[in-house]
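Novice: need the 3D shape of this:
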Amino acid sequence: MSLSASYKKWDKLELSDDSDIEGHPNVDKKSLIRWKQRDIHEKRELRKHTIAQLKAQIACNSVLLPRITEIAGALVNPAPPIPPTAYFNSYVERLEKNPSRDCPPGNNPDKPEQTYDGMLLALLRKVGDDARTKVKEANTLDSERDEKITKYLASGMAEHVTKLKETIDNDAAKLAGEEKEQKKHITSEDLHEGFESKYAPPPPEPEPIPHAKFDKGKEKIKTTTTEYEVLNPKAAASTSADKNEDEDEDDETLPDLTPSLEAFSKIPLRAYDKSFEFIQSHRDVIVPGASDALLVAAFRAQSAGKTKYAKQCVHQSLLLQYCEKLGTDGVRVFFRKMVSGDPRAETVFVNDMEGTYKHLVERVNVSLKEQAEASGKEQIQLVPENPNQSISFNVPDGPPPDNLVLEGPQTEGLDVEEVRKALQFRWDVFEAFPTDLQDALKQGTLDAVNKVLGDLDVETAESIVQQLDMAGILNFAEGGIRDETDKAKEKAKEATANAEVA
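Specialist: Numbers count the residues shown, from 1 in each chain. A predicted model of the protein is given here:
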């Protein structure tokens, strides 16, 4: 019987000094080998660069696709109170005034065109310009203008959704081909360390459960105290009392389950053989505080309605307590009786477990009742994301006038009718609010608006916040250095004067 050796694993080797290489009589073989080696490395680096670029493009387009799809769907099926054109314009305005700094890895968040919001804003501007150009070229009547713009906006966004999906699919196919070609050859990156014999020290003793309480006993220590006469003895006494309270609060910190204890707690009831095997392979289960951590987990599980898991935690906690009470060889003694089926020992343990679980259920019911009595109503409040951000309100004084005039350097290229519709939409939304909310918005303070929102139910408050954002009344601004020079004040006055509506 002959044994044939297989050398297929060497087929993926790419050699630069192949003996079959065909050279030129005027060029030495070493130079040809170096050139081929350089060509191999250049193609390998180009393939790695192409794979990284394709992965980055797919990741970026996968973030933009859901947002573009959402906008396209909102234009086709708009919400009843918000016209499609008003929704589109408010979305563009929000991206212009409050852009996010989120960007793909490697991009500069300080450059708006490299962020996700900047890319989306550029697309929306292009779609909006194309729609307005088509309406203008078609000489559409004013009565049909909104309907035509909505139609062109929806078709433009749907077209970009289709193109982006095709781009992602094509990039994924290219990526699969490049990765398949990359795996055809063995490189230095595929090398790994094989078997190596090293000395492994014995594992250290497991640490106790963090924040666990365990009785260390009370030791009587004789101390000598020196009393000093102070001007305010009550203040000194209050300081020492505060320190004692802080120490008590630290002592009341509850222990948490370690990964080993969490797996140990999921062993079924009365599966003593499995528990014994688990303890033998996980030394960090028999540590101080482990039983307390299991009881805390049982309390939390019972509070969450997980009765089966809570009872398992109580079972495993008492199991550890019994092993500890039976002395240094308690683990072996306890499981020998339980696995052998000693009826007297098992009856005592099961009764203790049932009684402990019943007491736990009573404590959980009392705790839930106290929490229900002490808990207040859920509220919606406006809170800045960071200390440098402020929240203000652009409250309209009334509907836009008939002779609306746009002035200022930033008004070039704006359509007067689109601006009029946006202002009218903002006024309609403001007029629909309750009187107390209108008064709070006119005050311009965040506390006044939060007070009104706190008195409303959650759904109504969320709807109001969404309408404030869509209408452009809610404004987020980042804090910074304010220029208070005379020149800056003059520029601010000019900007305010240009923004007024004639």
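Novice: and the longest helix seen in the chain, how far out from the chain's middle?
Specialist: Of all the segments assigned as helix in the chain under DSSP state H, the longest by residue count is helix 29-76. Here helix 29-76 is found 27 Å from its chain centre; the criterion is CA atoms, centre = their mean, to the nearest Å.
Novice: counting contacts, what elements does it pack onto?
Specialist: helix 84-97, helix 116-137, helix 142-182 (3 or more CB pairs under 8 Å, 6 or more residues apart in numbering; DSSP states H and E). All C-beta atoms are positioned from the backbone trio N, CA, C, and that covers glycine.
Novice: got a markdown table for those, with distance to residue 258, mean neighbour count and mean pLDDT too?
Specialist: Shown next, in a markdown table, are the helices and strands packed on helix 29-76 (distance: least, CB to CB, whole Å; neighbours: other CB atoms under 10 Å; pLDDT from 0 to 100):
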| stretch | distance to residue 258 | mean neighbour count | mean pLDDT |
| --- | --- | --- | --- |
| helix 84-97 | 46 | 18 | 88 |
| helix 116-137 | 39 | 17 | 89 |
| helix 142-182 | 39 | 15 | 88 |
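Novice: turn those helices into JSON lines, including distance to residue 280.
Specialist: What follows is the helices and strands packed on helix 29-76, written out as JSON lines (distance: least, CB to CB, whole Å):
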{"stretch": "helix 84-97", "distance to residue 280": "61"}
{"stretch": "helix 116-137", "distance to residue 280": "53"}
{"stretch": "helix 142-182", "distance to residue 280": "44"}
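Novice: follow-up on the earlier one: and the longest helix of the chain, what's its mean pLDDT?
Specialist: For helix 29-76, mean pLDDT rounds to 88.
Novice: equivalent analysis for stretch 208-222, please.
Specialist: Here the average pLDDT along stretch 208-222 is 48.
Novice: just to revisit the earlier point, right, so of the helices and strands packed on helix 29-76, which gets closest to residue 271?
Specialist: helix 142-182 (45.7 Å; CB to CB).
Novice: kindly calculate the angle that the closest one makes with helix 84-97.
Specialist: Calculated by axes from the mean of the first three to the mean of the last three CA atoms, to 10 degrees, helix 142-182 forms an angle of 60 degrees with helix 84-97.
Novice: helices or strands next to helix 142-182 in the packing?
Specialist: Against helix 142-182 (3+ CB pairs under 8 Å, 6+ apart) you get helix 29-76, helix 84-97, helix 116-137.
Novice: mind redoing it with 10 Å?
Specialist: In this structure, helix 142-182 makes packing contacts with helix 29-76, helix 84-97, helix 116-137, helix 416-432, judged by 3 or more CB pairs under 10 Å, 6 or more residues apart in numbering; DSSP states H and E.
Novice: among those helices, which is nearest residue 285?
Specialist: Taking the helices and strands packed on helix 142-182 one by one with CB to CB, helix 29-76 is closest: 42.0 Å.
Novice: angle of that closest one against helix 142-182?
Specialist: Relative orientation of helix 29-76 and helix 142-182, computed by the same axes, to 10 degrees: 150 degrees.
Novice: tell me the buried residues in stretch 335-348?
Specialist: Of all the residues in stretch 335-348, those buried under the rule 16 or more other CB atoms under 10 Å are 335, 337, 338, 345.
Novice: give me the pLDDT for the third one.
Specialist: Read it as residue 338. At residue 338, the pLDDT recorded in the model is 86.
Novice: I'd guessed it sits against residue 326; true?
Specialist: No. Residue 338 is beyond contact range of residue 326, at 11.6 Å (criterion: CB atoms under 10 Å).
Novice: what segments of the stretch 351-500 of the chain are helices?
Specialist: 416-432, 435-443, 446-454, 458-470, 486-499 (DSSP state H, counting those that start in this stretch).
Novice: from what I can see residue 441 touches residue 395, true?
Specialist: Yes. The pair residue 441 and residue 395 passes the contact test of CB under 10 Å, sitting 5.0 Å apart.
Novice: same drill for these two, tell me which one is more crowded.
Specialist: For residue 441 versus residue 395, neighbours defined as other CB atoms under 10 Å are more numerous around residue 441 (21 against 15).
Novice: re earlier: got the angle between the longest helix of the chain and helix 116-137?
Specialist: Going by the same axes, to 10 degrees, helix 29-76 makes 60 degrees with helix 116-137.
Novice: about what we covered before: what residues do residue 441 and residue 395 have in common as contacts?
Specialist: Common neighbours of residue 441 and residue 395, counting by CB atoms under 10 Å, 6 or more residues apart in numbering, are 430, 473.
Novice: show me the shaky parts of the stretch 351-500 of the chain.
Specialist: Scanning the stretch 351-500 of the chain for pLDDT under 70 picks out the ranges 372-378, 385-388, 406-413, 476-500.
Novice: residues contacting the residue nearest to residue 79 when sequence neighbours are not counted?
Specialist: In this structure, residue 79 finds its nearest non-sequential neighbour in residue 87, 7.5 Å apart by CB to CB, 6 or more residues apart in numbering. By CB under 10 Å, 6+ apart, residue 87 lies in contact with 71, 74, 75, 78, 79, 150, 153, 425, 470.
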